[in-house]
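Asks: no FASTA, just this:
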């Protein structure tokens, strides 16, 4: 039960919602009225506060600016009706964020603060959850080092925030991918399976070079042999080869995506053959050439199920049989979409409803 004694709630005196064009949201450009803030100092987390969204005043010596000690997550809230907003597998986001924090030597808030804090924030800003079909409220939890000293060791103070943003579709069309033989995303023993801010910063330059060549994202290969598929910049990758759904196995270099896990569980429930294994880029190219690469798509919280229309590697491009969502990808998209909005059976109890009527 959320109470004002658990969360110190200060509401804005003037909402900005009437200034927002909900028909032209884009992604991550508009932010809701409030945010959740929790400070860590003297070895413990202080009382969580929900307060008006706004600037944070910090000094140039702030630890995170210099050493990058920061972790984040991505989730969404879905409009069901005027009384109910759904969260989807939010417990998985908590578990992954806790693992990510441990990997980069950061404390993390307890489970109740994370889950109930997000629910309390959604209740306060429930009007910001888009009603338009396909649009959602994006949820961005993040934690950063907040020491005011320049020292190359773990910070002793931190702040955990949750901000929210009404958004439209992340990808509006099928995507084109290219591999990189020069750059890598992660290596075993590194932080590739953590949602660590630096992972993304390091990928921006290769992604820009790919975009200059007409591609949307980099399809990352392994760090040592440069031949095994890993993931795409913003999502896990799946291919359907001769009726079998294949995705790279987790091994410490790939982010364990929430949508990835959902896709695998649903496909197995439907008796679709699923393989989590090492798969080479040559196998994908050969499948494309021989006509058995039936579908390719990315899966992620932001993208959901994003169809892939081209995969390029070393001067050779292949096109899947379906350049939009194929039968498998479309069924997965439709089912996940409907579960998130309580329009179909939720066989795995993935949805966490929030009563916003009170």
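Replies: Happy to help now that I have it. Everything numeric in this text was worked out from a predicted model, so none of it was measured.
Asks: quick one: low-confidence parts of this protein?
Replies: In the predicted model, the chain carries pLDDT under 70 at residues 1-5.
Asks: Break it down into its structural domains.
Replies: 8-167, 175-340 (automatic domain parsing).
Asks: Which among the ones you listed is found nearest to residue 353?
Replies: Nearest to residue 353 among the domains of the chain is domain 8-167; the distance by C-beta to C-beta comes to 5.2 Å. C-beta here means a position set from N, CA and C on the backbone, and glycine is covered the same way.
Asks: Okay, helices next: where are they in the stretch 51-200 of the chain?
Replies: 63-67, 90-103, 111-124, 197-212 (DSSP state H, counting those that start in this stretch).
Asks: Same list (the ones you listed) but as a markdown table, adding mean neighbour count and distance to residue 220.
Replies: Output for the helices of the stretch 51-200 of the chain, formatted as a markdown table (neighbours: other C-beta atoms under 10 Å; distance: least, C-beta to C-beta, whole Å):
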| stretch | mean neighbour count | distance to residue 220 |
| --- | --- | --- |
| helix 63-67 | 18 | 25 |
| helix 90-103 | 19 | 18 |
| helix 111-124 | 20 | 29 |
| helix 197-212 | 15 | 8 |
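Asks: could those be laid out in TSV, adding distance to residue 236?
Replies: Shown next, in TSV, are these (distance: least, C-beta to C-beta, whole Å):
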stretch	distance to residue 236
helix 63-67	27
helix 90-103	13
helix 111-124	23
helix 197-212	14
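Asks: closest one to residue 277 among those?
Replies: For the helices of the stretch 51-200 of the chain, proximity to residue 277 was assessed by C-beta to C-beta; helix 90-103 is nearest, at 22.1 Å.
Asks: that older thread, can you tell me which of the helices of the stretch 51-200 of the chain comes nearest to residue 30?
Replies: helix 111-124 (15.9 Å).
Asks: The closest one to helix 90-103, inter-axis angle?
Replies: When axes from the mean of the first three to the mean of the last three C-alpha atoms, to 10 degrees is applied, the directions of helix 111-124 and helix 90-103 differ by 130 degrees.
Asks: Show residues contacting helix 111-124.
Replies: 2, 6-7, 9, 11, 33-36, 38, 45, 48, 50, 75, 77, 85, 87, 90-91, 94, 97, 109, 129, 137, 139, 141, 162, 164, 352, 354, 356, 358 (C-beta atoms under 8 Å, 6 or more residues apart in numbering).
Asks: follow-up on the earlier one: adding distance to residue 348 as columns, could you present the domains of the chain in a markdown table?
Replies: Shown next, in a markdown table, are these (distance: least, C-beta to C-beta, whole Å):
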| stretch | distance to residue 348 |
| --- | --- |
| domain 8-167 | 9 |
| domain 175-340 | 6 |
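Asks: quick one: furthest residue from the center of the chain?
Replies: Relative to the centre of the chain, the most outlying C-alpha is that of residue 290, 33.5 Å out, by C-alpha atoms, centre = their mean.
Asks: So how do I select the buried members of the contacts of helix 111-124 in PyMOL?
Replies: This is the PyMOL syntax for the buried subset of the contacts of helix 111-124, where burial follows 16 or more other C-beta atoms under 10 Å:
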select buried, resi 2+7+9+33+34+35+36+38+45+48+50+75+77+85+87+90+94+97+109+129+137+139+141+162+164+352+354+356
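Asks: Of the contacts of helix 111-124, which belong to strands?
Replies: With DSSP state E as the criterion, strands contain 9, 34-36, 38, 45, 50, 75, 77, 85, 87, 137, 139, 141, 162, 164, 352, 354 from among the contacts of helix 111-124.
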